[in-house]
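In: using only what follows, build the 3D model:
(one chain, ligands or ions: 1)
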Amino acid sequence: MFSLPGQRNIAIPFGALLLSLALSVSILEAANAKGPQARPNIVLCVLDDMDYGMFGFREHPDALTPTLDRLARKGTVVETCYMQSRCAPSLASILTGRLAHEHGRYFNIDETGLNRTLDSGSMFVGKLRDLGGYQTYAGGKWWEGFGTIEEAGFDAGEISGNNNSVFVRVDEQSHLFDWMDTLESENPFFIWWAPLLPHLPHDPPQRFLDLFDKNSLIVPDCIAPRDREIYRFDQQYYLATIAWVDHEIGRLLEKIREIGRRDNTLFVTVIDNGWSYECEASKGFHNRAAWESPMILTYPDRVPMRETRDHLARAADIFPTLLDYAGITHGPVSGESLLPIVKNPEAPWRSFLVDLTYPARSRADAPFLEAYSVLVRAKAWSYARALKPITSFQNPDNRIKHFYTNFPTRGLGEEDFYRLLLDPDERNSLTNTSDVGLQNVLLTMRQVASDWLTDAGYPLLRPSR
Ligand SMILES: [Ca+2]
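Out: Here you go, the predicted model:
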C-alpha cells in the first residue's frame with residue numbers, strides 16, 4: 001500500500017489503483033436520465049497561462065476576480081489539479097482523458113512532426129454531440145491537429161491556432177452569444193471556452209488597468225530592489241488581464257442566465273498551465289507553479305456550495321468527469337471521474353500522481369522522445385528527477401525567462417524533493433536531508449517514479465511519422 005507520512009491513508013493497494021485507472025468507467029450519475037433534456041448544459045472554461053494563486057478566493061493580496069470568487073463560493077473547489085506544464089499536452093489530456101505519453105501530443109512547437117494527431121473518436125466532445133445530443137461550440141484556443149472543428153465534435157466555433165484569438169480578446173464573445181441565441185431549448189449545449197487569456201500579451205482595455213494602483217501593489221521579498229518598479233508595472237498589466245477575463249466569464253454567466261439555462265448548467269473552470277511574474281519559474285518546468293491549477297465546479301443543487309476537496313486531480317480527469325455528469329459511457333481512460341469525491345469526500349481516491357515534463361519544441365535528431373523530467377506529487381510532498389540535463393539553452397524561444405527567473409537548470413538525475421506543508425513554494429529541496437523519516441519518504445517517491453517509468457516503457461521511442 002502506498003502511503004506517506006502527513007497525508008490521509010487511503011487503503012488502495014498500488015496494483016489495484018493502477019487497475020482502477022485502466023478500467024475507469026463512468027459511474028453514470030445521470031443513468032436515470034430519460035432523454036437528452038435531462039442532461040446538464042456544460043461549459044468548460046480553460047484559462048490560459050495563469051498563476052494558480054492569483055485569485056481573490058485564494059486570498060491573493062491584489063487579484064480582482066469577483067466572478068471566479070463567486071463561482072468558488074457557489075460550488076466546490078478541487079484545490080489541486082495537475083494539468084501539464086504547457087498548453088498542447090494539457091489541452092490534449094483534457095480532451096482525451098489520457099496522459100501525454102498516451103495521447104501523443106507532447107510539444108507546443110512541433111516542427112519535426114512528432115506530435116500525433118488526436119483521433120476524433122478519442123475526445124469527449126464528439127461523444128457529447130453524437131451520444132448526448134449536445135449542441136457544441138469551440139471558442140478560442142484549439143490546436144489539436146484537426147482540419148476542422150466539426151471533425152472534433154463541434155457544431156460551430158471561433159477558434160485560433162497558436163496566436164492571439166479574436167474570441168473574447170477582440171469580439172467580446174459576440175459570435176458565441178449569437179450562437180447561444182439559436183440554441184434549441186430541448187437539447188443541452190457544451191461550450192469549450194478557451195480565450196488566450198490571461199496569456200501574453202497582457203494588453204487589457206484601459207478600464208481594467210484603472211482598477212489597480214501600481215504603486216500600492218504588493219511586491220514579494222524575493223524581487224530585488226532594482227526590479228521592484230518593473231515588477232509593479234508588469235504585475236499591474238497581468239492583474240488587469242486577469243480582471244478582464246474574469247469580467248468576460250461574468251458576461252458569459254449572465255448570457256446563460258438570459259437564455260434561461262443557468263440552473264441546469266455545469267460550469268467547470270481550470271488553468272491549462274501555470275505562468276507567473278513572482279518568485280518561481282513556472283510554465284515549462286516540473287514545479288507546482290507550472291503544473292497546478294484549482295478546479296472550480298458549479299452546478300446548482302448538484303455540486304455542493306462553499307466546499308473544497310483536497311484530493312489530487314489531474315487534467316485527464318476532466319474527460320470522465322464531464323461524461324459522467326452527462327450520463328454518457330466511454331471506454332477506459334487514465335483519468336478518473338471526480339463526481340464521486342465531489343459528492344462524498346470520503347470516497348476512495350488516488351494518493352499520488354506521476355507524469356513527465358516535456359520540452360516546448362520537438363527535436364528531429366533525438367533518438368527517443370525527450371522528456372525533461374519525471375514528477376511525483378502526493379498531497380504533502382513533491383518530487384521530480386531530471387531525465388536529461390536541463391539547461392537554460394534548450395528551447396531558447398520558449399524558456400521561461402523574465403527579469404527575475406531564468407529557466408532552471410538541472411543535471412541528469414538531479415532530484416527535487418519538497419515538503420509542501422512547510423515549503424509550499426518548493427524553495428528548499430530536501431534531497432540531502434539527514435532526517436531518517438524524510439529519507440524514507442524520498443526513497444518511496446523515488447521508487448514510485450522508477451516503477452512508473454518502467455510501466456510506461458520509458459525511454460519512449462519516437463513515434464513513426
Ligand atoms: Ca497555456
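In: what helix or strand is residue 269 on?
Out: strand 265-271 (DSSP states H and E).
In: residue 175 too?
Out: Counting by DSSP H and E, residue 175 is found in helix 174-180.
In: convert that helix to CSV, retaining C-alpha atoms only.
Out: In CSV, the C-alpha atoms belonging to helix 174-180 read as follows (Å, rounded to 0.1, in the frame of the first residue of the first chain):
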residue,chain,number,x,y,z
SER,A,174,-20.4,38.3,-29.9
HIS,A,175,-20.1,35.2,-32.2
LEU,A,176,-20.7,32.9,-29.3
PHE,A,177,-23.6,34.9,-27.9
ASP,A,178,-25.2,34.9,-31.3
TRP,A,179,-24.9,31.2,-31.5
MET,A,180,-26.4,30.8,-28.0
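In: domain ranges for the chain?
Out: The chain breaks down into these domains under automatic domain parsing: 22-350, 356-456.
In: just name the most buried of those domains.
Out: domain 22-350 (a mean of 20; mean count of other CB atoms under 10 Å). C-betas here are computed from N, CA, C, even on glycine.
In: now the helices: where do they sit in the stretch 1-150 of the chain?
Out: 14-22, 66-74, 87-96, 100-103, 124-132, 149-152 (DSSP state H, counting those that start in this stretch).
In: quick check: residues of the stretch 51-200 of the chain near the ion?
Out: residue 87 (CB under 5 Å from the ion).
In: okay, and for the stretch 51-200 of the chain, where does confidence drop off?
Out: 145-147, 161-164 (pLDDT under 70).
In: where along it do the strands fall?
Out: 76-82, 135-141, 156-160, 189-194 (DSSP state E, counting those that start in this stretch).
In: picking up where we left off before, export the helices of the stretch 1-150 of the chain to a markdown table and tack on distance to residue 275?
Out: Formatted as a markdown table, the helices of the stretch 1-150 of the chain follow (distance: least, CB to CB, whole Å):
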| stretch | distance to residue 275 |
| --- | --- |
| helix 14-22 | 29 |
| helix 66-74 | 16 |
| helix 87-96 | 10 |
| helix 100-103 | 19 |
| helix 124-132 | 26 |
| helix 149-152 | 26 |
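In: for residue 273, which of these is the nearest?
Out: helix 87-96 (5.3 Å; CB to CB).
In: please name the nearest non-neighbouring residue to whichever residue of the chain sits closest to the ion.
Out: Residue of the chain nearest the ion, by CB to the ion: residue 87 (3.6 Å). Spatial nearest neighbour of residue 87, excluding adjacent residues (CB to CB, 6 or more residues apart in numbering): residue 272 at 5.3 Å.
In: what of residue 50?
Out: residue 271 is the one closest to residue 50 (CB to CB, 6+ apart), at 4.6 Å.
In: ok, now residue 391?
Out: residue 409 (5.4 Å).
In: now do the same for that neighbour: its pLDDT.
Out: Here the pLDDT value assigned to residue 409 is 87.
In: relative to helix 87-96, how tilted is the helix or strand in which residue 310 is found?
Out: Using DSSP H and E, residue 310 maps to strand 307-314. Between strand 307-314 and helix 87-96, the angle comes out at 110 degrees (axes from the mean of the first three to the mean of the last three CA atoms, to 10 degrees).
In: which secondary structure elements does the next helix or strand along the chain from strand 307-314 contact?
Out: Toward the C-terminus, strand 307-314 is succeeded by helix 318-326 as the next helix or strand (DSSP H and E). When contacts are defined as 3 or more CB pairs under 8 Å, 6 or more residues apart in numbering; DSSP states H and E, helix 318-326 sits against strand 41-47, helix 87-96, helix 124-132, strand 265-271, helix 339-343.
In: let me have those in JSON lines, extended by distance to residue 388.
Out: Shown next, in JSON lines, are the helices and strands packed on helix 318-326 (distance: least, CB to CB, whole Å):
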{"stretch": "strand 41-47", "distance to residue 388": "29"}
{"stretch": "helix 87-96", "distance to residue 388": "17"}
{"stretch": "helix 124-132", "distance to residue 388": "33"}
{"stretch": "strand 265-271", "distance to residue 388": "27"}
{"stretch": "helix 339-343", "distance to residue 388": "35"}
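In: the ones you listed: which one's closest to residue 326?
Out: Of all these, helix 124-132 comes closest under CB to CB, at 5.1 Å.
In: re the thing from before, wait, doesn't the residue nearest to residue 50 sit right on residue 45?
Out: No. At 9.7 Å, residue 271 does not count as touching residue 45 under the criterion of CB atoms under 8 Å.
In: how far off centre is the helix holding residue 175?
Out: Centroid separation for helix 174-180 versus its chain: 26 Å, with CA atoms, centre = their mean, to the nearest Å.
In: swap in stretch 59-66?
Out: Worked out by CA atoms, centre = their mean, stretch 59-66 lies 20 Å from the chain centre.
In: ok, residues contacting that stretch?
Out: If you take CB atoms under 8 Å, 6 or more residues apart in numbering as the criterion, stretch 59-66 is touched by 53-57, 211-212, 217-218, 235, 239, 242-243, 246, 250.
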